[in-house]
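Pasted the sequence and its predicted model underneath.
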Amino acid sequence: MDDSIQVLITLAFTDEQLKKITEVSPRLVVEMIVARKVDEISEDVWKKVQVLYTNRVLPEPEKAPKLRWIQFHWAGLDHALDKSILHREGMRITNMSGASAPQMAEHAVMMLLALGHHLPDVLAHQKRANWPSGRWELFNPQELRGSTVGIVGYGSIGRQIARLLQVFGATVLATKRDAKHPEDPGYIIDGLGDPGGDLVNRLYPPQAVCSMIKECDFVIVTLPRTSSTRGFMGAKELEAFKPDAFLVDISRGDIVDHSVLIPLLREHKIAGAALDVYPVEPLPADSPLWKLPNVILTPHIAGFSPQYDERAVDLFIQNLHCYLQEQPLYNLLDPALEY
């Protein structure tokens, strides 16, 4: 009886990474075909595949009759939720939640420090070769120590942010869909995150986000993009900011309403913002955000890291062991929640 499992990988991994995957079990027959389109992979290959590791290469159900599990290379699945193969009965869908937590948490904390210590203003004076008068008043910092940081969405990224903030002595508040259960059931890299939900001073349900925001000196948005989170940070939420508070957005582009945010930043009803994601990407050259002096703009790079593929392979290997042992997989898609 042939109990082999055909695994297809459509992204480029190194020989060493492929070796680590293959060594999980002699039952695995691993094939890597770097592709961006379904038709770049032969029909014969699709007919055999049982496990697919991919980003966007998704066959129609009839093309891959044996496919039972799709592991995505990124955490966000909103681009794929309408694909029919995901809705096949018994199909298991997993994402990479947790693999980008270290670098995204570092990016967020970097932006907290940059905003709180007026880095945009400092660099503007540097560019003009100007030693400003009244520098004590101009650059009086909002220190992280003693500040209150609110995290909108207490997932793997938010939990790692909370861990990093412990050393700064900040109070951490956060929203969580099920605030009565603070533990993290997803994939966690050893030594990172907040598995038990012990590093947050208070958890709020999403419906109480405005109450949380009113308490915060900094607010970080880390929500996934789903039908329920689009526009989540709208007028009511953004107008709840203290005028000396800062926003950091490393979520997805449709979650913060920029039509509300931009006037609030321009009128200094929000002290400043660091944005990594936008409703339209690339950010159009005529966007007023480019010219706002109290805004730091980065081109959707918070998740970038030279270690990402290695972390992704480690998670995939953990899931392969679970799959072979018929145990629950990490980061299973909940269709009702869309993540």
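Ah, there it is.

List the residues that contact the nearest residue to residue 217 once chain neighbours are set aside.
Counting by C-beta to C-beta, 6 or more residues apart in numbering, residue 217 lies nearest to residue 147, which is 4.1 Å off, once chain neighbours are set aside. Every residue, glycine included, has its C-beta placed from N, CA and C. Residue 147 is in contact with 116, 170, 171, 217, 218, counting by C-beta atoms under 8 Å, 6 or more residues apart in numbering.

can we see that at 7 Å?
Each residue near residue 147 by C-beta atoms under 7 Å, 6 or more residues apart in numbering is listed here: 170, 217, 218.

Same question for residue 273.
246, 247, 261, 265, 295.

what about burial for those residues, which qualify?
By neighbour count, with 16 or more other C-beta atoms under 10 Å, the contacts of residue 273 hold 246, 247, 261, 265, 295 as buried.

Could you check how far the third one is from residue 61?
Which is residue 261. Remark: distance between residue 261 and residue 61 (C-beta to C-beta, to the nearest Å) = 41 Å.

Just the pLDDT for the residue nearest to residue 217.
With respect to pLDDT, residue 147 scores 98.

quick one on the thing from earlier: so which of the contacts of residue 147 are in strands?
Taking DSSP state E, the ones among the contacts of residue 147 that sit in strands are residue 218.

so which of the contacts of residue 147 is the most crowded?
residue 218 (26 neighbours; other C-beta atoms under 10 Å).

can you name the two of the buried ones among the contacts of residue 273 that are farthest apart?
246 and 261 (12.1 Å; C-beta to C-beta).

can you give me the helices in this protein?
15-22, 43-48, 101-116, 119-127, 135-138, 156-166, 209-213, 235-238, 258-266, 308-324 (DSSP state H).

elements contacting the fifth one?
Yep, that's helix 135-138 we're talking about. The contact analysis (3 or more C-beta pairs under 7 Å, 6 or more residues apart in numbering; DSSP states H and E) places helix 135-138 against no helix or strand.

Same check on the third one?
Under the contact criterion of 3+ C-beta pairs under 7 Å, 6+ apart, the helices and strands touching helix 101-116 comprise helix 156-166, strand 246-249, strand 272-275, strand 295-297.

still on that earlier bit, redo the contacts of residue 273 as a markdown table? Include distance to residue 239.
Listed next are the contacts of residue 273 as a markdown table, based on distance: C-beta to C-beta, whole Å:
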| residue | distance to residue 239 |
| --- | --- |
| 246 | 15 |
| 247 | 12 |
| 261 | 10 |
| 265 | 12 |
| 295 | 18 |
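
State the distance from residue 121 to residue 272.
According to C-beta to C-beta, residue 121 and residue 272 sit 9 Å apart.

Looking at these two, which is more packed in?
residue 272 (26 against 16).

isn't that one right up against residue 297?
No. Contact between residue 272 and residue 297 fails when scored by C-beta atoms under 7 Å: they sit 11.6 Å apart.

what's the domain layout of this protein?
Domain ranges of the chain: 5-99+306-324, 101-297, per automatic domain parsing.

Any chance of those domains in TSV with distance to residue 337 as columns?
Output for the domains of the chain, formatted as TSV (distance: least, C-beta to C-beta, whole Å):
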stretch	distance to residue 337
domain 5-99+306-324	10
domain 101-297	7
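
Can you tell me which of the ones you listed is nearest to residue 338?
domain 101-297 (3.8 Å).

roughly how far is the closest one from the heart of the chain?
Relative to its chain's centre, domain 101-297 lies at 13 Å (C-alpha atoms, centre = their mean, to the nearest Å).

That domain: end-to-end distance?
Terminal residues of domain 101-297 are spaced 20 Å apart (C-alpha to C-alpha, to the nearest Å).

got a list of what the residue lying closest to residue 70 once chain neighbours are set aside touches?
Closest residue to residue 70 apart from its sequence neighbours, by C-beta to C-beta, 6+ apart: residue 52 at 4.8 Å. Residues counted as contacts of residue 52 (C-beta under 7 Å, 6+ apart) are 8, 67, 70.

from the contacts of residue 273, which is closest to residue 235?
For the contacts of residue 273, the nearest to residue 235 is residue 261 (9.6 Å; C-beta to C-beta).

shouldn't the closest one be in contact with residue 238?
Yes. In this structure residue 261 lies within contact range of residue 238 using C-beta under 7 Å: 5.8 Å.

re earlier: so which of the contacts of residue 52 would you say is closest to residue 138?
Of those, the one sitting nearest to residue 138 (C-beta to C-beta) turns out to be residue 70, at 52.6 Å.

tally of neighbours for the closest one?
26.

With residue 144 instead?
Around residue 144 there are 20 other residues, counting by other C-beta under 10 Å.

Name the nearest residue to it, ignoring sequence neighbours.
residue 168 (4.0 Å).
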